[in-house]
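In: what follows is a predicted structure for the sequence shown.
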Amino acid sequence: MALWLSIAVITLLGLAWLARPLLGGARGAEARAEYDKRVYRDQMSEIDRDQARGVLSAEEAEAARAEVGRRLLAVDTEAARSGATGPVRAPAAASRGLALGLVLAVGLGAVGLYAGLGTPELPDLPLSARQDMRPGQDRVEAMLADAGITPEPPATQDATQLTELVVRLRAVLSERQNDERGHRLLVGALAQLHRYAEARVAQARVLAIAGDAATARDHADLAELMILAANGYVSPEAEQAIGAALQADPGDKPSRYYAGLAMVQNSEPQGAWNLWTALLKEGPPDAPWVQAIARQLPSLATALGRDLPELPAPPQPVGPAAGAPLPGPDAEAMRNARDMDPAAREEMIRGMVDGLSRRLATEGGSAQEWARLIRSLGILGERDRAAAIWAEARATFAADPAAMTDLRAAARDAGVAEASE
């Protein structure tokens, strides 16, 4: 109601300002003849000043006065003949009619435009209410599931083994609900299977168990899993996780990237530009968030009318060729493992892990293979060996930030991330 009263008052004031000249007549106006006389008198005074400064000679000044005097006399003669002694006024009825027409045209036109283009029945909608209208995490995941939009399962040789691991972990954690390490392993296994909706629930449980000891990385992982589960949408719950991560560590780069993504989705392109261009400068150029920014910044620069900064080149693949499976058991071996009893299956898995460990020790390998070995040792409960491999991998790949990101994630999944840091 207050809004409509304000609009009405402003409209009336504007219309009164428009109509005032038409309704107020010519108060203060002078007749045309009087105005002309005043101008010519000013010219006479100007001629005197120019002569005094030496700009005009006596003859030139006299000729100018004669010309101005002639015009002044003509004005007097015309005024006496016409009998005009005051300003020319339009008929009062015409002025009032024009004022009324102007007020009606502007007022009714404004109302008509708002009725056609606006939404009069829409109630007030503050910023907090608009944010509340954004769909939450659960709703978005349900909508994606109904539409058949789900992450593709990984086409790797580990998928079956990881699926079995998830089943075993869930069985164990149903009896050990406060086992933080077990829940972290569950998060890692679910994430590798691209079951992000389940992984983010498990990560939320990790945070609940960790309590005040939860790190910025823990909150950032939750936000990332939520965004992956929502097919790139940053839900209000994901924003809260991003905020918690930045509160714990304002410099956390993945969280700052996701904060920029949230700004883009919330129609705050300038804030996203400021965050992302700063992250580009900080690097490293092959960091996952930098590459994600490089893909999205051109469209943001176009929307803002900005010059695009220099973007890093895409990183060259290292280790196995892109899309090539990592060395490991073939499909036939995995089918045989499913038919084994639990003890034999574990023995087979240990044999494969030991084989991978020996090969990396003698021949070396890619960061992905080292990360796979660390995770496998964590799954088998051999934390000491996992910590030793993690320490060796850190020394081997210290100069490769992208590799260190994968290795650190594997060490975290195995519960040995702090073992050598």
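Out: That came through fine.

In: wait, I47 sits on E67?
Out: No: in this structure, I47 sits apart from E67 without contact. The criterion is C-beta atoms under 8 Å, and the distance is 9.6 Å. The C-beta positions use only the backbone N, C-alpha and C, and glycine is treated the same way.

In: more neighbours: which of the two?
Out: Just comparing I47 and E67: by other C-beta atoms under 10 Å the higher neighbour count belongs to I47, 20 against 12.

In: what helix or strand is that one on?
Out: Element membership of I47 [criterion: DSSP states H and E] is helix 32-53.

In: and R385, how many neighbours?
Out: 20.

In: and the closest residue to Q265 other than its chain neighbours, how close does it get to A262?
Out: Of all residues not flanking Q265 in the chain, V234 sits nearest, at 5.5 Å (C-beta to C-beta, 6 or more residues apart in numbering). Summarising the geometry, the distance separating V234 from A262, computed by C-beta to C-beta, to the nearest Å, is 4 Å.

In: equivalent analysis for M143, please.
Out: Distance, M143 to A262, by C-beta to C-beta: 19 Å.

In: not counting sequence-adjacent ones, nearest residue to G365?
Out: When the adjacent residues along the chain are set aside, G365 lies closest to R359, with 6.8 Å between them (C-beta to C-beta, 6+ apart).

In: count the residues that sit near that neighbour.
Out: By the criterion of other C-beta under 10 Å, R359 has 14 neighbours.

In: repeat for G271
Out: When counting by other C-beta under 10 Å, one arrives at 14 neighbours for G271.

In: low-scoring pLDDT stretches of the chain, where are they?
Out: Within the chain, the stretches with pLDDT under 70 are 1-4, 20-31, 82-95, 118-133, 155-158, 313-352, 355, 362-363, 418-421.

In: what's the domain layout of it?
Out: Domains of the chain are assigned by automatic domain parsing as 2-83+90-117, 137-266, 333-414.

In: nearest to T302, out of those domains?
Out: Distances from T302 to each of those were compared by C-beta to C-beta, and the smallest falls on domain 137-266, at 12.9 Å.

In: follow-up on the earlier one: same list (the domains of the chain) but as TSV, adding distance to D307.
Out: Written out in TSV, the entries for these read as follows (distance: least, C-beta to C-beta, whole Å):
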stretch	distance to D307
domain 2-83+90-117	35
domain 137-266	18
domain 333-414	27
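
In: is it true that W390 touches A414?
Out: Yes: at 7.5 Å, W390 and A414 qualify as touching, with contact defined as C-beta under 8 Å.

In: okay, and the common contacts of these two?
Out: Shared contacts of W390 and A414, defined by C-beta atoms under 8 Å, 6 or more residues apart in numbering, comprise I374.
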